[in-house]
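> generate coordinates for the sequence data below:
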Amino acid sequence: MSTPSETPVFVLCGGLGTRLREETVRIPKPMVPIGSHPILWHIMKSYSHHGFKKFVLCLGYKAETIKSYFLNYTSMNSDFTVDLQSNNVTVHSVDHDQDWEVTLAFTGELTMTGGRIARAAKKYLGNAEHFAVTYGDGVCDVNLTQEFEFHQSHGLTGTVLGVNPPSRFGELQLEGHTVRNFEEKPEFSENWINGGYFFFKRDFLTYLNDHENLILEKAPLIQLATDQQLAIHKHQGFWQCMDTQRDRDALNKLWEEGQAPWAV
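Modelled structure (predicted):
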């Protein structure tokens with residue numbers, strides 16, 4: 001059995017984030033802040049809470065912003081002195097508790113999700129038997145330890161987190177021209193969607209190539225499901241992606257009120 005500490009997490013950070021253009025015109029979507037930290041930090045914090053400490057960030061659009069954030073992470077979160085003559089920097093103490101290993105991998109400006117993973121994994125998967133994949137724009141309170149154990153126990157190539165979020169809108173059940181039942185933001189009781197937290201065996205790489213237009217959610221995952229090699233780990237707790245300004249505002253409100261279910 002592989003352990004979380006030896007299992008890298010590939011985070012897709014390269015998209016244009018066009019539906020959140022108010023923010024992404026100046027910064028990449030994973031760097032949009034929730035509270036005082038970018039949503040990327042919140043995602044990585046969730047993984048590290050369960051022992052995953054090795055991250056490979058698959059960069060594209062505005063990659064320099066994410067690179068700068070991590071290059072300066074310790075100095076921006078600690079006291080330090082700069083000698084302006086020599087430009088030497090002395091960090092007096094490391095005033096944060098992140099012990100992550102973060103690889104920043106540029107995978108192309110316009111590369112799609114499948115191509116990004118293939119390009120980054122070719123260089124940075126190493127000898128790991130399993131790896132995780134997630135997007136840089138969604139948070140949830142899933143127990144990643146349990147999902148990883150589930151993934152290894154069923155023996156299939158891949159595992160996708162299935163989530164069952166409430167609808168954005170009220171559901172009207174009709175009888176003729178009469179509303180028989182009104183339910184505000186109902187649960188999709190039997191409809192599961194891709195929650196974006198994956199685990200794969202390394203042989204999933206045979207389903208990928210490094211072509212710029214390869215989309216993870218198209219041919220690779222469709223073929224994996226056709227081969228009956230994709231399991232679903234069902235999660236009925238909190239899950240929220242950040243697609244729009246409304247989503248960003250809702251996540252910020254939860255964080256500021258101390259009600260963020262994903263906080264660890």
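
> quick check: which ranges of the stretch 1-150 of the chain have low pLDDT?
Counting by pLDDT under 70, the stretch 1-150 of the chain shows no low-confidence range.

> make it 90
Within the stretch 1-150 of the chain, the ranges that satisfy pLDDT under 90 run 16-25, 74-77, 89, 91, 93-96.

> can you give me the strands in it?
Remark: strands assigned in the stretch 1-150 of the chain by DSSP state E, counting those that start in this stretch are 9-13, 33-34, 37-38, 54-59, 80-83, 88-91, 101-106, 130-135, 138-140.

> any chance of these in a markdown table, plus mean neighbour count?
(Each C-beta comes from the backbone N, C-alpha and C, glycine too.) Output for the strands of the stretch 1-150 of the chain, formatted as a markdown table (neighbours: other CB atoms under 10 Å):
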| stretch | mean neighbour count |
| --- | --- |
| strand 9-13 | 26 |
| strand 33-34 | 20 |
| strand 37-38 | 17 |
| strand 54-59 | 25 |
| strand 80-83 | 10 |
| strand 88-91 | 10 |
| strand 101-106 | 16 |
| strand 130-135 | 24 |
| strand 138-140 | 22 |
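
> save these as TSV, and put in distance to His151 too.
TSV is the format used below for those (distance: least, CB to CB, whole Å):
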stretch	distance to His151
strand 9-13	13
strand 33-34	27
strand 37-38	27
strand 54-59	17
strand 80-83	41
strand 88-91	38
strand 101-106	22
strand 130-135	7
strand 138-140	16
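
> what about those, which gets the closest to Ala231?
Judged by CB to CB, the one of those that comes nearest to Ala231 is strand 130-135, at 13.1 Å.

> packing partners of that closest one?
strand 9-13, helix 39-49, helix 144-154, strand 193-201 (3 or more CB pairs under 8 Å, 6 or more residues apart in numbering; DSSP states H and E).
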